[in-house]
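**Student:** quick check, what structure comes out for this input:
(chains A and B)
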2 protein chains.
Amino acid sequence: MFKKLASASESLKSLLERCGPVNRGETVHLSAARGRVLSEDVTSPANLPGFNRAAMDGYAVRAANTRGATPLAPIYLKVAEEAGEGRCVPVRTGMPAPPGSDAVLMLEDALLRGQEVEATAEVHPYRNLARVGEDVALGETIFREGHRLRPPDIALLASLGLTNVQVRERPKVAIIPTGGELVPLFSDQRLLPGQAREANGIMCEMYAEIWGGSPRKTPIFEDDAGIIKEAIAENLDADLILISGGTSIGEEDYAPSILAEMGELLVHGVRITPGKPTALGIIDGKPVICLPGYPVAALSALYIFARPLITMMAHRTDLPRIVTAKLEGKIVSRPGYLTFARVSLKDGVATPIMTSGAGILSSVARAEGYVLVPEEVEGREKGEMVEVNLIE
Amino acid sequence: MFKKLASASESLKSLLERCGPVNRGETVHLSAARGRVLSEDVTSPANLPGFNRAAMDGYAVRAANTRGATPLAPIYLKVAEEAGEGRCVPVRTGMPAPPGSDAVLMLEDALLRGQEVEATAEVHPYRNLARVGEDVALGETIFREGHRLRPPDIALLASLGLTNVQVRERPKVAIIPTGGELVPLFSDQRLLPGQAREANGIMCEMYAEIWGGSPRKTPIFEDDAGIIKEAIAENLDADLILISGGTSIGEEDYAPSILAEMGELLVHGVRITPGKPTALGIIDGKPVICLPGYPVAALSALYIFARPLITMMAHRTDLPRIVTAKLEGKIVSRPGYLTFARVSLKDGVATPIMTSGAGILSSVARAEGYVLVPEEVEGREKGEMVEVNLIE
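**Tutor:** Numbers count the residues shown, from 1 in each chain, chains lettered A, B, ... in the order given. Predicted coordinates:
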């Protein structure tokens, strides 16, 4: 069984080679666009400001009419409805520049005496006055395709009068849990001996979302080749299919052979631990990852295969998650296998979490991250500096 | 005006000193609990596994009955319904251990001949067999108060049969936009001269959410002291109030004086640029931040004051966002002011974005982050290594 185990990096490469980023666009309302990536350039539908605008509290003037003003030789301007020779208009920041004005005299350079202003400084044209389109001009490209929208970006687009934007669709991730012994989560059903609650599906859903995908989960299917085939066929509109369970070598473990029947089985059995029974394939051009049923093995395969695939498909290059830490204890790895070693992390020190197997999700409860020990390395020594991948 | 400008760090300190983290608990469904922080320890309501379970495909045996088995001196066991002297039961991974069994003989140490198994190795008790409660024992503490729930944590809790968890409430952030010249976003209303769309509110909402708060936004209120007071009074059930606009010195800028009237004005006018008109206060024990209306000034004040406050209240210590980069150009700062200098970032190189003011949110469109230049420093030189705070 698993006679020809494949290496993790070659397996991942063979999968990524066959897949590409999702570039389909969709329209979303700006209020729901945070974190989404533009699928086309955005040009401004308006000038910002849309009118000449006072950029200071003070008096709007025609700059030429202040020429030569100094504290010793002030120029006197009457408060009026429009600016011009001998006239000025009081303005506050943000107000439209009154007719005739092309600059604003700051309050500290102006002394109001009754209905007359004593100007003690000259201003140049457009001083303290924002011109139409100065911030953003009508038709100007504000964001390029591929830009990821943050709150101030959304505020800018919305303040220009936009309501919707075109963004890249999130890759659709279909999640198919399999296993006759499984009971749905959150049901009142008591477990009989041999039964377990199906919890890998919700973990896959949440990670697909974190990594930029749009997940959907089917009901649990029995370990029956016909039923599972049908479930796959019905989900081939997705960009990626994750099948949970049914990957070990055994009479009821149909998933990998189904891949071979329905499309192409790229890999079954990978030199990663935990996660060895993982299978990868392509059906109708869509990548399919068969995850082991054991939860830590599923987590390991998710991080090693699904994460690079989903983030690539979703154009997510922005997820920072590696920190360097000093190992507080020895990591024992399985030579020849890429080892997914859980560690806790505190103040730059990583402590390996001793655990016996892939069934124990409680070992992950205490882990802040994992260290990947390469196939050719036999463990890591206490005191070594290691790269810890944070568990999101 | 702003005669006694306060320093940014002292202002922030005076605000943080008066506030504390939000520790109220609330019940949430596990499917909505990702990223939430536990408000109490969680103990297991069940054993996991709930029954002795085969951890390998093979034959369940009583370990004592395999003693001495070797390839040269095999022991023969009949396939039966229960394990014992001379008897074994075929099992697959995950199945309940059959009656009488306390270990599993791996397939590779067992040769099936008709109805008899030739055992070629001995096994110790509990070899390849997971005992009841081995992963998690009934009553065991799985997570401590303060733990932030990730997908595998939720999968673990759900697989133990839990449906809800007690988590810390997110701090409620009330956002009150003010300004008679403002028009709501996403309305069909065309702007008249002097009008602008109110976009700071949505920016505040989105940041409050990113930083761990639970935002709610009121309608836009006119610059009228009575109306704004009423709006504040109605929102004192929140943990924090953000008032947008109305902070400059001018006849219609009521916000800071309202703070003084209704409670305590801690600070009005801070040595940060942009963002100088920011005001901070406490009303009925609740922190109130009055943000300048200019969007970049608002962004600067949000990052300098609201972010530390909200993340503290929300117990969010997990937001990594500082990278070190080499400056590609000079940053000109305003001596005596903490300067919020926008930079673009590529391949470890930060390029200052030249911009003239706080009104231009398009300068943020091109910025991946900001460098804070301290009050006592006059800019930063090209070639210096700087800490860049990523704009989330």
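**Student:** can you list the residues of the stretch 151-300 of chain A near chain B?
**Tutor:** A:151-156, A:158-161, A:163, A:181, A:185-186, A:191, A:193-194, A:196-197, A:199-200, A:202-203, A:206-207, A:210, A:248-250, A:252, A:293, A:295, A:299 (C-beta under 8 Å from any C-beta of the partner chain). Placement of C-beta: from N, CA and C, glycine included.
**Student:** 7 Å - rerun?
**Tutor:** A:151-156, A:158-159, A:161, A:163, A:181, A:185-186, A:191, A:193-194, A:196-197, A:199-200, A:202-203, A:206-207, A:248, A:250, A:295, A:299 (C-beta under 7 Å from any C-beta of the partner chain).
**Student:** from those residues, list just the buried residues.
**Tutor:** Using 16 or more other C-beta atoms under 10 Å in any protein chain shown as the burial test, those include A:151-156, A:158-159, A:161, A:181, A:185, A:191, A:196-197, A:199-200, A:202-203, A:206-207, A:248, A:295, A:299 as buried.
**Student:** which members of those residues occur in strands, if any?
**Tutor:** A:196-197 (DSSP state E).
**Student:** secondary structure element for A:Ser257?
**Tutor:** helix A:255-262 (DSSP states H and E).
**Student:** residues touching that helix, excluding its own?
**Tutor:** For helix A:255-262, contacts defined as C-beta atoms under 7 Å, 6 or more residues apart in numbering or on different chains pick out A:178, A:225, A:228-229, A:232, A:243, A:246-247, A:265, A:268, A:279, A:281, A:283, A:288, A:290.
**Student:** could you do stretch A:278-292 as well?
**Tutor:** A:11, A:15, A:18-19, A:200, A:232, A:236, A:238-244, A:246-247, A:255-256, A:259, A:262-268, A:270, A:275, A:277, A:298, A:301-302, A:305-306, A:309, A:358.
**Student:** CA atoms only for it, dumped as CSV, please.
**Tutor:** In CSV, the C-alpha atoms belonging to stretch A:278-292 read as follows (Å, rounded to 0.1, in the frame of the first residue of the first chain):
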residue,chain,number,x,y,z
THR,A,278,-3.7,12.4,0.7
ALA,A,279,-4.7,12.1,-3.0
LEU,A,280,-4.6,14.7,-5.6
GLY,A,281,-6.2,14.7,-9.0
ILE,A,282,-7.9,16.6,-11.8
ILE,A,283,-11.4,16.0,-13.1
ASP,A,284,-12.7,18.1,-16.0
GLY,A,285,-9.8,20.5,-15.5
LYS,A,286,-10.8,21.0,-11.8
PRO,A,287,-8.4,20.2,-9.0
VAL,A,288,-9.6,17.7,-6.5
ILE,A,289,-7.8,17.1,-3.1
CYS,A,290,-8.8,14.0,-1.2
LEU,A,291,-8.0,14.7,2.5
PRO,A,292,-7.5,12.0,5.1
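**Student:** could you pull out the buried residues of that stretch?
**Tutor:** A:278-283, A:286-292.
**Student:** again, but for stretch A:5-21
**Tutor:** A:5-8, A:11-12, A:15, A:19.
**Student:** hmm, who's touching the longest strand seen in chain A?
**Tutor:** Taking DSSP E as the criterion, chain A has its longest strand at strand A:338-346. Contact with strand A:338-346 is made by A:8, A:271-275, A:300, A:303-304, A:325, A:331, A:333, A:350-353, A:355, A:363-364, A:366-375, A:388, as judged by C-beta under 7 Å, 6+ apart.
**Student:** among the contacts of helix A:255-262, name the ones in helices.
**Tutor:** Of the contacts of helix A:255-262, the ones assigned to helices by DSSP state H are A:225, A:228-229, A:232.
**Student:** burial measure for A:Ala121, as a count.
**Tutor:** 16 (other C-beta atoms under 10 Å in any protein chain shown).
**Student:** now it: how far from chain B?
**Tutor:** A:Ala121 sits 18 Å away from chain B, going by C-beta to the nearest C-beta, to the nearest Å.
**Student:** nearest residue to that residue other than its sequence neighbours?
**Tutor:** Distance criterion C-beta to C-beta, 6 or more residues apart in numbering or on different chains; nearest residue to A:Ala121, sequence neighbours excluded, is A:Asp109 at 3.9 Å.
**Student:** tell me how chain A divides into domains.
**Tutor:** Annotated domains of chain A cover A:8-22+A:171-313, A:25-48+A:134-168, A:53-130, A:322-390 [automatic domain parsing].
**Student:** which of these is buried the deepest?
**Tutor:** Among those, ranked by average contacts under mean count of other C-beta atoms under 10 Å in any protein chain shown, first place goes to domain A:8-22+A:171-313 (a mean of 21).
**Student:** quick one: mean pLDDT over that domain.
**Tutor:** Averaged over domain A:8-22+A:171-313, pLDDT sits at 92.
**Student:** stretch A:354-371 now?
**Tutor:** Per-residue scores along stretch A:354-371 average to 74.
**Student:** okay, now it: how far is its last residue from its first?
**Tutor:** Stretch A:354-371 has an end-to-end distance of 13 Å (C-alpha to C-alpha, to the nearest Å).
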